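*Asks:* structure for this input, please:
(chains A and B)
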Number of protein chains: 2
Amino acid sequence: VTASPPHAAAALAAALRAIVGPDHVLDVPERRAPYERDTTGRFGAPAALVVRPADTAQVAAVVAACAAAGAPLVPQGGNTGLVGAGVPRGGEVLLSLRRLDAIGAVDRERAQVEAGAGATLATLQAAAHAAGFAFGVDLAARASATVGGLVATDAAGAWALRHGTMRAQLLGLEAVLADGSRIARLSGLPQDGAGYDLAALLAGSEGTLGIVTRARLRLVPALHERVSALFALDDLTAALRLLGRLRARVPSLEAADFLLDDGVALALAHERLARFPLRRRSPAYLVIDCAAAHDPTPELAAAVEGVAEVLEVAVADDTEGRRALWRPREAQHETVAALGPPPHKLDVAVPAQALARFVEDVRAAVARLDPRWTVLQFGHLGAGNVHVNVVGPDPDDERIDVAVLELAAAAGGTIAAEHGVGVAKARFLALVRSPQELAAMRAVKRALDPQGLLNPGAVLAA
Amino acid sequence: VTASPPHAAAALAAALRAIVGPDHVLDVPERRAPYERDTTGRFGAPAALVVRPADTAQVAAVVAACAAAGAPLVPQGGNTGLVGAGVPRGGEVLLSLRRLDAIGAVDRERAQVEAGAGATLATLQAAAHAAGFAFGVDLAARASATVGGLVATDAAGAWALRHGTMRAQLLGLEAVLADGSRIARLSGLPQDGAGYDLAALLAGSEGTLGIVTRARLRLVPALHERVSALFALDDLTAALRLLGRLRARVPSLEAADFLLDDGVALALAHERLARFPLRRRSPAYLVIDCAAAHDPTPELAAAVEGVAEVLEVAVADDTEGRRALWRPREAQHETVAALGPPPHKLDVAVPAQALARFVEDVRAAVARLDPRWTVLQFGHLGAGNVHVNVVGPDPDDERIDVAVLELAAAAGGTIAAEHGVGVAKARFLALVRSPQELAAMRAVKRALDPQGLLNPGAVLAA
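*Replies:* From the prediction side, this is the model:
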C-alpha cells in the first residue's frame, strides 16, 4: 500500500464524513485501535481511518468515494476472523459493517429471514428461535461473528454436516461492488436461474470481490428432541467407519466432531476440563449430536448396537448431560489458549481416507522441527476438517505453517477449510490450486475490481 | 454467427478428427440431426459439425482447437433443455458430452460419488441406491438428463424443497474453460475455502463460462418410510399457509407441489388421468412427499389435525397409493402435450406472498390477448415456482412470453426458476436484473471467455 499525499487523505476523510457523519469516521488512534488488531493477536496494522456506515446506501457512497480516490478498503464484521482478512495490512480504509445489524421479520411461510451484514450470529439465531425455527449454522464465535463475515468466509461449523456451509443457507444477498454499484437478489427465491449467481461467487470471496451488506437466509425446523453421544475409539479410521454408518442410518445426525486423547490429557492437565465423561480413555473420540422432531435415541441405538469399533459410548438427552459430553471437545480451544504463546492455528481439511495418516504426519513433522512444540488436533470429522493448533517456542516460526499446509496439500486436501485464506495463507494457495485455476480467479478479480481496491492481499497474493 | 471460410472449417474438422477419432466428428446432416433439434421442437439449427469427445483430455483439446480457430461452441448433455441452451443457434460446433458417462465407486464413508458430465440422472440415482444412499435431485427427464446439464442449469425439481438445487449437491467439479485449460476440485471436501468457488459460479451458467466435464456429488440417506398426501384446498393462499405449517412441523417433508382444478379437469377431459383420487374437487391442491427412517405418518397427522384450510386429505404409504396421489400432478405435462400445438413453457417463480395473485393475473392476461389460449399452471410450491404452460393458436406468439415474464418480474419474481435462461429468455434478463448486475455478469463472462465462444447468445444476449 502506497501512502497517499496528505491532502488527498484529508479530502477523502472529508468526503467520508459527509457521507456517514463526523462521529462515524474514526481517525484518532485510540478510537481506531479496536478495529486494527485481530482476535489472534497475529494480524493487524494501522488503518488510514475507520468508517462506519449506517446502511447500504452509505456503504455504496463510501466505496464510490474510495474508488474515486484510489484508496484500498478492508471490510470488517465482528472481527472474529483468524486469517487476517478483516484487519488492515497498513494504511487502508477500514470499513466496519457492524451498524448494518437489522434483522427483518421472519417469513414463516417460507422459513426465511433477511439480516444485515452487521447482525451477529447469536442475534440471528435468537430471531429464528423466537419464530419457531433454527438457523443452520453455528460456531463458537456466535456472539461476535456477523452475517457479512459468515458469508464472506463461507463459514461452516459443526452443523454443516447436516445443513451445509453458509453458502447453502444463502437465498440471495445484497452487496456493493468495487465501483460502488449495488447488486441485490433479495426476493428469497430458492430457485432463481436468471443469470450468474453472483451471491454464490461472493460467498467465500472474503471481501475481495464485493462487500456483502445484507443476506436473505433460509431457516431450518427447530428440533427439540436432541441426543448427544461420545464414543471411545481405537483410532480415526474407526471413527470414520462409525461415522459412515451413522450417516447412512441416523438421519437425525447433526454434528460429528473428533478429538484425540493427547488433547484430552492436556485439557485435564491445564484444568480446562474437570473430569472426562467416559470410564475409559482411548486414542480417539467421536462426539455427535442428533436432533429430530421425535426421540432420536432408538435410531441411534439401532445403528451402533454391536458395532465392533465402539469401545465405549455415553449418551445423554438432557441439556446438562449433553454439555458434559461435548465439554472435552470444547475445552480444546481453551486448552490451546492456556498453553501460553499465540498458537499457530491452521484450519485444513483432507479426504477422509487420508485423515488418520495426516494427523500422525503433522505430529511427526512438528516434532522433527523442534520437540518443544505442542500439537493439538481436532475438528469436524464429516468434512475431513482438522484444526491444527501448534504452540511452542516461536509464534512466528513459518516452518510450522509450511510443514502443516504442505502435508494437507500432499494428502489431496485443502489449506483452508472453514476459516478462509485471508492474508495468512494467500501465498500458499498455489499448493492446492493449479496455475489455470489461479489465472481464472485473478481474471474474475480483475473483472470485478479492476483497481484492486477491495481487501488487497487477501485470498490472492499481490 | 459468421460463417467461416470453407478451408478454415475443413482445417478445424480435421483437427477435431485427430483429437476424437473420425467416428466422433459428425458432419453428415443425418447424423448431426438428433443433436440439432431440442425436445420442445422450438429451438435448434444446423451445427457446423458435432464432436463427441471421450474424456476430459479430449474435451480440453477440442475447446483449445475451437479457441484457436475462433469457432463458437455449444455444449450439450442429454438434450432435455427447454430454453434452447443446448442446441445450435446456427453454425456452431456442437460439443456432445454424452460419452463422458462414467460413474465412480460410491464413497460410503463420506456419502459421495463422482460422475461424468454425460452420466444420466437415472444412472446416478441407481448407483446411489445400490450403495444404500439416494441422490438429492430428481426430475421427470431423469432417463436422459445428464449430470453436466443438471449442473449447468442448476436443476432443481421437487426434492429441492428438502435437499436444495443441484448447486447444493456439488462438492466440486472438473471443467474446461474457454481457452482449453482444465480446472478441477474433486477431493470431495465439503468445506474448502481455498480461493473463489469456481464450481459455484459455473453451476447455473449454462455452459457460457466453462464446460463441466465431471462432478463430485454428495449423497443423502436412502429413506425407506415414505408417505404421500394430497390436500384439497380453497386457494393457493391456503396451500401456502398449510405448507408453512408443514415445514415447521414435519422435518420428513421432501416435496410439495401445487396444481389447480382447471388442470385436473383438462387431464380428465383428455384422458391423461383416469380418475381423481379425492372425493371432492376444489380450486387448488397440494401434493406432498414425506420420507424418513421412521414412519412419518404420526408427525404428518399431528401437523394437519384440525387445520381449517384442509377441505379433504388422502394419505398413502404404499407405492401404488402414493403414485395415485401424485398422478394428477404428473398428468399435467402429458395434458399439455395432448392439447396439440407446441406449448409456450415459461418456468418462473414469484415470492410466496405474490403467488395466488400471479396465477390469476396470468390467466387474465392471456385471456385478454385471445380467449382461445389454454393456460395450465402448476409447480413447486416451496420455491414459489410456477410452470406456466400456454397452448393455443400460435406457438410463436411472443406476446404470451412477454406478458407472463413481465408479470413474474412485476411480482418481484424471476423469469427463470429451474430451467435456465438459455436463448429463449436472454433478452428478458433485464426485467429482473439491474444494469449493475448485468454489467457484473458481462465482466465475469469477458474475464473467462474473452472471445465469447462458449454457448454464445445463451444467458446474456449478444
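*Asks:* only C-alpha atoms for contact and neighbour calcs from this point on.
*Replies:* Will do.
*Asks:* which SSE is A:Ala324 in?
*Replies:* Element membership for A:Ala324 (DSSP states H and E) is helix A:319-338.
*Asks:* stretch A:289-309 close to chain B?
*Replies:* Yes: remark: stretch A:289-309 sits within contact range of chain B at A:292-293, by CA under 8 Å from any CA of the partner chain.
*Asks:* what's that stretch in contact with?
*Replies:* Stretch A:289-309 is touched from outside by A:223-229, A:233-234, A:238-239, A:242, A:245-246, A:249-250, A:252-256, A:310, B:249-251, with contacts defined as CA atoms under 8 Å, 6 or more residues apart in numbering or on different chains.
*Asks:* returning to what we had before: and the angle for the helix or strand that comes right after the helix holding A:Ala324 with helix A:319-338?
*Replies:* Moving toward the C-terminus from helix A:319-338, the next helix or strand (DSSP H and E) is strand A:344-349. Here the directions of strand A:344-349 and helix A:319-338 differ by 130 degrees (axes from the mean of the first three to the mean of the last three CA atoms, to 10 degrees).
*Asks:* counting contacts, what elements does strand A:344-349 pack onto?
*Replies:* strand A:385-391, helix A:398-410 (3 or more CA pairs under 8 Å, 6 or more residues apart in numbering or on different chains; DSSP states H and E).
*Asks:* need those in JSON lines with distance to chain B and mean pLDDT, can you?
*Replies:* Output for those, formatted as JSON lines (distance: least, CA to the nearest CA, whole Å; pLDDT from 0 to 100):
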{"stretch": "strand A:385-391", "distance to chain B": "8", "mean pLDDT": "96"}
{"stretch": "helix A:398-410", "distance to chain B": "11", "mean pLDDT": "97"}
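*Asks:* wait, doesn't A:Val348 sit right on A:Ala410?
*Replies:* No: A:Val348 is beyond contact range of A:Ala410, at 12.0 Å (criterion: CA atoms under 8 Å).
*Asks:* who has more neighbours, the two?
*Replies:* Between A:Val348 and A:Ala410, counting by other CA atoms under 10 Å in any protein chain shown, A:Val348 is the more crowded of the two (29 against 15).
*Asks:* tell me the pLDDT at the more buried one?
*Replies:* Here, the pLDDT recorded for A:Val348 equals 98.
*Asks:* which residues does it contact?
*Replies:* Per CA under 8 Å, 6+ apart, neighbours of A:Val348: A:385-388, A:405, A:408, A:413-418.
*Asks:* for chain B, what's the nearest residue on the stretch 151-300 of chain A?
*Replies:* Residue nearest to chain B within the stretch 151-300 of chain A (CA to the nearest CA): A:Gly244, separated by 4.0 Å.
*Asks:* return the helix or strand in chain A with minimum mean pLDDT.
*Replies:* strand A:220-221 (a mean of 88; mean pLDDT, DSSP states H and E).
*Asks:* got the contact list for it?
*Replies:* A:111, A:132-136, B:247-249, B:251.
*Asks:* how about 7 Å then?
*Replies:* Strand A:220-221 is contacted from outside by A:111, A:133-136, B:247-248, B:251, using CA atoms under 7 Å, 6 or more residues apart in numbering or on different chains.
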